[in-house]
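Chemist: Below are the sequence and a predicted model for it; my questions follow.
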Amino acid sequence: MNQMIKCIVWDLDDTIWEGTLRENADNIILRPGIEQVLVELDQRGILHSIASRNRLDQVVSKLEEFGIAQYFVSLQCHFSSKAISLRQIAMELNIGLEALAFVDNDSFERFEMNYYYPQVLTFDAQYYLELPKSPSLQVRDVTEESANRRHYMLARQQRKAAERGFQGSREQFLKECQMVLQIQQADPGDYPRIVELSHRTNQMNSLLERIDRPFVESFCQLKQHMIYVARLKDRFGDHGLIGTCFVALEGNAMKIRLFCISCRIEGRGVAAAFLYTVLKRLVLKWPQMREMHCLLARKERNLPARLLLEMLGFHKLEEQENKEYIKYQLNLPLADRTFDWLEIGE
């Protein structure tokens with residue numbers, strides 16, 4: 001299976017444009033067709049960033065002059081190694097290095113990148129027009145969230161900047177964000193985004209499984225099987241469908257078959273509010289239930305999902321023979337929890 005690329009990091013000189021910014025800024029020109037490549041990949045939900053050995057103010061000025069500045073996030077423009085830039089971009093976007101691709105005209109820069117980060121896919125800039133055909137840059141369905149991913153990321157960065165400048169407590173800041181979390185059962189219009197979430201999320205993906213639409217459709221057709229979805233809005237914008245949870249009722253137990261929550265909303269208590277609210281609604285509807293179970297992939301990269309379950313009161317069952325998965329259990333009734341910093345609705 002091809003690795004999924006979430007962000008392409010571009011060099012600038014003789015890559016995005018022809019010429020060298022520091023030497024001949026007035027005479028550089030965009031490479032033919034580069035804007036169309038940026039737009040096409042942006043519409044698929046693939047982010048663009050920059051790692052360039054140029055001054056940031058000059059870069060931004062030239063990008064604005066060419067009318068393409070809006071397509072880039074988390075610019076890294078300085079005179080240090082581009083490998084350092086990629087790690088910083090991954091950190092700012094909260095994605096793994098394996099989800100980045102790097103485009104540069106210089107074979108030395110590409111070699112250095114793969115020397116330090118072999119998981120990063122590199123492309124020779126001379127083949128930039130072929131990028132939209134790359135298997136790693138294909139998407140199954142272009143959802144509303146895909147088409148707006150850049151805007152979601154910019155809103156996330158605005159929130160981060162506002163948080164850095166806020167003088168009050170963490171909870172006060174979250175209240176100032178005016179978050180509204182809408183939780184409801186999924187309908188067929190949500191299925192493409194549910195599938196996309198399973199493919200794009202790792203940190204908050206309980207099984208790290210990549211499902212398809214037939215699986216979602218067949219799950220919903222089974223008796224006492226439900227899929228819940230969460231949408232989030234705040235003062236910085238509409239973040240779209242950011243979470244899903246697959247639940248099955250078996251005997252006196254409820255079982256979470258899969259949950260996936262976007263990494264874009266980390267650090268706000270939204271993931272805990274989503275799962276807790278789903279569980280609370282299920283318990284109110286089926287009060288005879290005594291236990292909640294969840295199977296979790298035993299992988300380091302979904303550690304945040306493990307911590308989320310434990311925070312909600314789940315505990316690991318003893319004597320587990322399965323080396324790939326961890327079984328968690330939560331005894332009912334649920335302990336009361338409040339999430340005063342956000343509004344939760346249907």
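Modeler: Nice, I can see it. Numbers count the residues shown, from 1 in each chain.

Chemist: Could you give the number of residues near the nearest residue to Gly168 once chain neighbours are set aside?
Modeler: Distances taken as CB to CB, 6 or more residues apart in numbering place Glu176 nearest to Gly168, at 7.9 Å, with adjacent residues excluded. All C-beta spots, glycine's among them, are computed from the backbone N, C-alpha and C. A count of neighbours around Glu176, defined by other CB atoms under 10 Å, yields 15.

Chemist: Would you map the strands across the stretch 1-150 of the chain?
Modeler: With DSSP state E, counting those that start in this stretch, the ranges of strands along the stretch 1-150 of the chain come out as 7-10, 17-18, 29-30, 47-52, 76-77, 100-104, 121-124.

Chemist: Ok, the stretch 151-300 of the chain next?
Modeler: Ranges of strands within the stretch 151-300 of the chain are 179-185, 225-234, 237-250, 253-261, 291-297, based on DSSP E, counting those that start in this stretch.

Chemist: could I get these as JSON lines with distance to Glu130 and mean neighbour count?
Modeler: Output for those, formatted as JSON lines (distance: least, CB to CB, whole Å; neighbours: other CB atoms under 10 Å):
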{"stretch": "strand 179-185", "distance to Glu130": "41", "mean neighbour count": "18"}
{"stretch": "strand 225-234", "distance to Glu130": "36", "mean neighbour count": "20"}
{"stretch": "strand 237-250", "distance to Glu130": "30", "mean neighbour count": "21"}
{"stretch": "strand 253-261", "distance to Glu130": "31", "mean neighbour count": "22"}
{"stretch": "strand 291-297", "distance to Glu130": "35", "mean neighbour count": "20"}
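
Chemist: of all those, which lies closest to Glu310?
Modeler: In terms of CB to CB, the element of the strands of the stretch 151-300 of the chain nearest to Glu310 is strand 291-297, at 10.1 Å.

Chemist: Show residues contacting the closest one.
Modeler: Around strand 291-297, the neighbours that count as contacts under CB atoms under 8 Å, 6 or more residues apart in numbering are 205-209, 252-257, 259, 279, 302, 305-306, 309, 314, 324-332.

Chemist: now do 6 Å
Modeler: 206-208, 253-256, 306, 309, 325-330 (CB atoms under 6 Å, 6 or more residues apart in numbering).

Chemist: swap in stretch 14-29?
Modeler: Trp10, Asp13, Leu30, Arg31, Ile34, Asn54, Gln58, Asn105, Ala125.

Chemist: Quick check on the residues you listed: which are buried?
Modeler: Among these, those classed as buried by 16 or more other CB atoms under 10 Å are Trp10, Asp13, Leu30, Arg31, Ile34, Asn54, Asn105, Ala125.
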